[in-house]
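Q: Got a sequence here, can you build the structure:
(one chain, ligands or ions: 1)
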Amino acid sequence: MTIQFSDLGLSQPIMQALDMKGYKEPTPIQAQAIGPVLGGRDLLGIAQTGTGKTAAFMLPGIDRLRAADKQIPFKSCRMLVLAPTRELAGQIAQSAKDYGALAGMKVHSIVGGTSVNKDRNKLHRGTDILVATPGRLLDLIDQKAFNLSGVEILVLDEADQMLDLGFIHALRRISQLVPAERQTLFFSATMPGQIKELVGKYCNDPVTVSVTPAATTAERIDQYLFMVQADEKQSLLDLILAGKHEVPGKFERVLVFTRTKHGADRVVKKLAQRGIAANAIHGNKSQPQRVRALDEFKRGTTPILVATDVAARGIDIPGVSHVINYELPNVPEQYVHRIGRTARAGADGVAIAFCAEDERAYLKDIRKQTDAEFERLPLPDNFRAVVEGVGPTKPAPKQQRQRVQPKRRDGQQSGAKQGGGQGGRGRRSGGGQGRPGGGKPQGQQARGGGGQGGGNQGGANRGGNRRRNRRSSNDG
Ligand code: AMP
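A: Numbering: from 1, shown residues only. A predicted model of the protein is given here:
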């Protein structure tokens, strides 16, 4: 028998909030964690974003605060959630507001890259729940604008990611500042030695809950592969995003991963030269730039986001239809994190990997560790000519395009009504792939007109882009 939310002992306001969110059943981590946390136990959750872990700590956390019914402490908080990135902190704070609204919870978040003075003012009277990145929290503590004496519940979210970002000293320091008598909920996707050390420092006989979404995530994601030379990748991406080389699935939002910040910027720039609007998100972008990029992506006004791993970890955006691994990660786990950005909360998704000759070893590792089944897709006709700038720029005629569409796994050729053969498992529907964002006119896309066919052959685009091309070749 499956566990229901009503079996878990949550309060009425929380149950109502769940109803409003439309959650029908607890996810595995929620089913396993909520009971022990409500009972006051420390928790070690081995889980990544996408498993529903935020609700797993936030729902019982809010109920524990309600039950203890203490005053909000001056310049402190009752529940402190530490998160690695500004984006994740923002998301957790939003969840806390959603789940805690009916319980009357006061929620704040503080992150780097914003005004410290504003944070000081808003935290002066304290808060029920504070979501913070470690650096900004310590800044405020050092300025005596905040203290941790009121903390009843401490959550560390994505602890491994916090270590990757160099927060080990901050976390060691924070562990000295929180009251000894508290409840600690500790989440990490992986358990390297340093994390074990931190668990020992922070947790007291924790209940361990481990969910491994790799297999379940992969089940809902159709995974495809292009074997493509490194110098052809940009042209392939251009053609796919311009709707000139069809791939399975109907584009809504497309998240493209590169290995480096510079690589992400370069892809965005090249896409712009083809008249395709995209934003980049990575560690060198300012906070307002990151917020704007995410916002435009969420709203669908710029539904192509080119990201590095650090920036994309923890991002939860419903409706990411495609994840394109422009470069394969050298760590298989990272591949799972990346493709997990699509297929959130039960939805389906498409993941497309671009694998160059020198990435075959990475592909092998990914296959071995995740049991991923890739369906190989053919490159566009005359592709090398397109890359070299002498090939056709027109989209392939419909008939020809359908040849590149994969067969459904039941062996039948997908019908035109199924979006022209899209959807590896025959589940996806919706006619015509179009461009991300459903072909809405977008600033740069409109400007680019018909010149988006890979390489530098850009037809009408060529003249207009000459200056931009020259500039981009200087910083390559
Ligand atoms: P998280 O792993 O906490 O980032 O959650 C991933 C996504 O799953 C978020 O969009 C949540 O709103 C959603 N979610 C969390 N719990 C449930 C649930 N029980 N049913 C449906 N969706 C959920």
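Q: Next up, the contacts around T2.
A: Applying C-beta atoms under 8 Å, 6 or more residues apart in numbering, we find T2 in contact with E25, A31. In short, each C-beta sits where N, CA and C put it, glycine included.
Q: Show the model's pLDDT score for it.
A: For T2, the pLDDT comes out at 84.
Q: is it fair to say it lies in a strand?
A: No - per DSSP: H, G, I helix; E, B strand; the rest coil, T2 lies outside any strand segment and is coil.
Q: Let me know the distance separating A89 from L137.
A: 10 Å (C-beta to C-beta, to the nearest Å).
Q: where do the contact lists of the two overlap?
A: Joint contacts of A89 and L137 (C-beta under 8 Å, 6+ apart) are I110.
Q: for the record, mean pLDDT for the helix or strand containing H262?
A: Element membership for H262 (DSSP states H and E) is helix 261-273. When pLDDT is averaged over helix 261-273, the result is 96.
Q: which secondary structure elements does that helix contact?
A: Here helix 261-273 touches helix 233-241, strand 279-281, strand 304-307, helix 460-474, going by 3 or more C-beta pairs under 8 Å, 6 or more residues apart in numbering; DSSP states H and E.
Q: Give me the buried stretch members for that helix, please.
A: By 16 or more other C-beta atoms under 10 Å, the buried positions in helix 261-273 come out as K261, G263, A264, D265, R266, V267, V268, K269, K270, L271, A272, Q273.
Q: mind giving me CSV with these and columns for distance to K244?
A: Converted to CSV, the buried residues of helix 261-273 look like this (distance: C-beta to C-beta, whole Å):
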residue, distance to K244
K261, 28
G263, 23
A264, 23
D265, 24
R266, 21
V267, 17
V268, 19
K269, 20
K270, 15
L271, 13
A272, 17
Q273, 15
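Q: List just the nearest of those residues to the ligand.
A: Nearest to the ligand among those, counting by C-beta to the nearest ligand atom, is A264 at 22.8 Å.
Q: Correct me if wrong: that closest one contacts T258.
A: Yes - shown here, A264 and T258 form a contact pair, counting by C-beta atoms under 8 Å, at 4.6 Å.
Q: burial measure for T85, as a count.
A: The number of residues packed around T85, counting by other C-beta atoms under 10 Å, is 23.
Q: Quick check: it touching A307?
A: No - taking contacts as C-beta under 8 Å, T85 lies outside contact range of A307: 11.6 Å.
Q: Show me where the stretch 1-150 of the chain has its strands.
A: Remark: strands assigned in the stretch 1-150 of the chain by DSSP state E, counting those that start in this stretch are 43-46, 77-82, 107-110, 127-132.
Q: Can you list the buried residues in the helix or strand harbouring L171?
A: Assessed by DSSP H and E, L171 sits inside helix 168-177. Buried residues in helix 168-177, counted by 16+ other C-beta under 10 Å: I168, A170, L171, I174.
Q: tell me which parts of this protein are close to the ligand?
A: Counting by C-beta under 6 Å from any ligand atom, the residues of the chain close to the ligand are 23, 25-27, 30, 49-55, 316, 344-345.
Q: Those residues, buried ones only, as a PyMOL selection?
A: In PyMOL, a selection of the buried entries from these looks like this (16+ other C-beta under 10 Å):
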select buried, resi 23+26+27+30+49+50+51+52+53+54+55+316+344
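Q: what's the lowest-pLDDT member of the residues of the chain next to the ligand?
A: Lowest pLDDT within the residues of the chain next to the ligand is found at A345 (56).
Q: Hmm, N325 and R259 touching each other?
A: No - with contacts counted by C-beta under 8 Å, R259 stays clear of N325, the gap being 9.7 Å.
Q: More neighbours: which of these two?
A: Shown here are R259 and N325; by other C-beta under 10 Å, N325 has more neighbours (27 against 17).
Q: The more buried one: what's it in contact with?
A: Contacts for N325 (C-beta under 8 Å, 6+ apart) come out as F257, Y335, R338, I339, A351, I352, A353, F354.
Q: just to revisit the earlier point, chain center to the helix holding L171, what's the gap?
A: For helix 168-177, the separation from the chain centroid amounts to 27 Å (computed by C-alpha atoms, centre = their mean, to the nearest Å).
Q: Show me what it is packed against.
A: Judged by 3+ C-beta pairs under 8 Å, 6+ apart, helix 168-177 is in contact with helix 134-142, helix 159-164, helix 193-202.
Q: Put the alpha carbons of it into PDB.
A: Listed next in PDB are the C-alpha coordinates belonging to helix 168-177 (Å, rounded to 0.1, in the frame of the first residue of the first chain):
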ATOM      1  CA  ILE A 168      33.900  24.100   4.000                       C
ATOM      2  CA  HIS A 169      35.300  26.700   6.400                       C
ATOM      3  CA  ALA A 170      32.100  28.600   6.500                       C
ATOM      4  CA  LEU A 171      30.200  25.400   7.300                       C
ATOM      5  CA  ARG A 172      32.800  24.400  10.000                       C
ATOM      6  CA  ARG A 173      32.300  27.900  11.500                       C
ATOM      7  CA  ILE A 174      28.600  27.800  11.400                       C
ATOM      8  CA  SER A 175      28.600  24.400  13.200                       C
ATOM      9  CA  GLN A 176      30.200  26.200  16.200                       C
ATOM     10  CA  LEU A 177      27.600  29.000  16.200                       C
END
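Q: Give me the buried stretch members for stretch 104-117, please.
A: Neighbour count says stretch 104-117 has M105, K106, V107, H108, S109, I110, V111, G112 buried, by 16+ other C-beta under 10 Å.
Q: start to end distance for that stretch?
A: From its first residue to its last, stretch 104-117 covers 26 Å (C-alpha to C-alpha, to the nearest Å).
Q: for stretch 220-239, same thing?
A: OK, stretch 220-239 end separation, C-alpha to C-alpha: 26 Å.
Q: what's the answer for stretch 336-349, then?
A: 13 Å.
Q: Could you do stretch 185-196 as well?
A: Taking C-alpha to C-alpha as the criterion, the two ends of stretch 185-196 lie 14 Å apart.
Q: buried residues in that stretch?
A: L185, F186, F187, S188, A189, I195.
Q: what sits up against that stretch?
A: By C-beta under 8 Å, 6+ apart, the residues outside stretch 185-196 that reach it are 37, 42-48, 53, 57, 61, 153-161, 163, 168, 198-199, 202-203, 206, 333, 337.
Q: Just the buried ones from these, in ChimeraX syntax?
A: Those of the contacts of stretch 185-196 that count as buried under 16+ other C-beta under 10 Å are selected in ChimeraX with:
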select :37,42,43,44,45,46,47,48,53,57,61,153,154,155,156,157,158,159,160,161,163,168,198,199,202,203,206,333,337
